[in-house]
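Colleague: the following comprises the amino acid sequence and a computationally predicted model.
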Amino acid sequence: MDDYKGMLIVISGPSGVGKSTICKALIEKELRNVELSISATTRRPRVGEVDSVNYYFKDEHVFKEMIYQNEFLEYAKVYGNYYGTPKQKVIDKLDNGISVILEIDTYGAMQVKKNFKKGVFIFIMPPCFNILKNRIINRGTESKDDIRKRLKSAFKEITEVSNYDYIVINDDIDKAVNKIVCILNAESCRTDRYQIDFTEFKEEFYD
Ligand code: 5GP
């Protein structure tokens, strides 16, 4: 089920590590045939977030119906809200040679890993835990209770890093983005992504 023309790229990391900023910067680089998947969520929109741009914002009963209809490639309950990757949109892109970035939590990433052996799994790490803590507190978008939940799960998420193919430390956005571009370039050259037809070569050499 994994032989698509596009690559499936999974980016995870604890809350506040800068995943969204990195993904946005990657998209702004206008890499050829690379797009960001838009997830569905039951979380309320934050100030400035737009439906169908940042997320597809859904009521819980609609989200649950989507689960029932098998419309998600993966889904998870993160910090008390549901988040999921719409399956068909991603598959259509991969089929058409477009690589798709999923910015998802570690639980969702492991669901994806089961079905996409050729997926590229990248974990974004903070330079240190204190910096992460300050980023979560200072961005001011979450309630106190939410901040507590995010800090608690940050440590747990970091312990799952060994399930990923690559670690990128986000001490500087430009450097982190450039590292990911290098990873994607190298991944696109892997032998197992090519299906070489040797008959053409055989004819050239033996005839
Ligand atoms: P936020 O509420 O800050 O936008 O996202 C909270 C967490 O949910 C982040 O760790 C983010 O990566 C994760 N997330 C966003 N979309 C999805 C998704 O479609 N599936 C899963 N499993 N996690 C997601």
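Modeller: Perfect, I can see it now.

Colleague: near the ligand, which residues of this protein are found?
Modeller: With Cβ under 6 Å from any ligand atom as the criterion, the chain meets the ligand at residues 15, 19, 39, 43, 74, 76, 78, 83-85, 103-105, 107-108. From N, CA and C alone the C-beta is placed, and that goes for glycine too.

Colleague: which ones among these lie within helices?
Modeller: 19, 107, 108 (DSSP state H).

Colleague: for the second one, the count of nearby residues, please.
Modeller: When neighbours are defined as other Cβ atoms under 10 Å, residue 107 has 16 of them.

Colleague: over to the first one?
Modeller: Per other Cβ under 10 Å, the neighbour tally for residue 19 reads 21.

Colleague: cool, residue 63 as well?
Modeller: 22.

Colleague: likewise residue 33?
Modeller: 14.

Colleague: isn't it right up against residue 6?
Modeller: Yes - with contact defined as Cβ atoms under 8 Å, residue 33 counts as touching residue 6 (6.7 Å).

Colleague: now for the two: what residues contact both?
Modeller: Shared contacts of residue 33 and residue 6, defined by Cβ atoms under 8 Å, 6 or more residues apart in numbering, are found at 97, 98, 99.

Colleague: among these, which are in strands?
Modeller: residue 99 (DSSP state E).

Colleague: kindly reformat the shared contacts of residue 33 and residue 6 as CSV containing neighbour count and pLDDT.
Modeller: Shown next, in CSV, are the shared contacts of residue 33 and residue 6 (neighbours: other Cβ atoms under 10 Å; pLDDT from 0 to 100):
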residue, neighbour count, pLDDT
97, 12, 93
98, 17, 95
99, 21, 95
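
Colleague: about what we covered before: just the buried residues of the residues of the chain next to the ligand.
Modeller: 15, 19, 39, 43, 74, 76, 78, 83-85, 103-105, 107-108 (16 or more other Cβ atoms under 10 Å).

Colleague: which among the residues you listed gets closest to residue 140?
Modeller: Nearest to residue 140 out of those is residue 15 (Cβ to Cβ; 13.6 Å).

Colleague: mind listing the helices for this structure?
Modeller: Under DSSP H, the chain gives helices at 19-28, 60-68, 87-95, 106-115, 129-138, 144-158, 173-188, 199-206.

Colleague: so which of those helices gets nearest residue 53?
Modeller: Short answer: helix 19-28, nearest of those by Cβ to Cβ, at 11.3 Å.

Colleague: of the helices of the chain, which is nearest residue 52?
Modeller: Nearest of the helices of the chain (Cβ to Cβ): helix 87-95, 11.4 Å.
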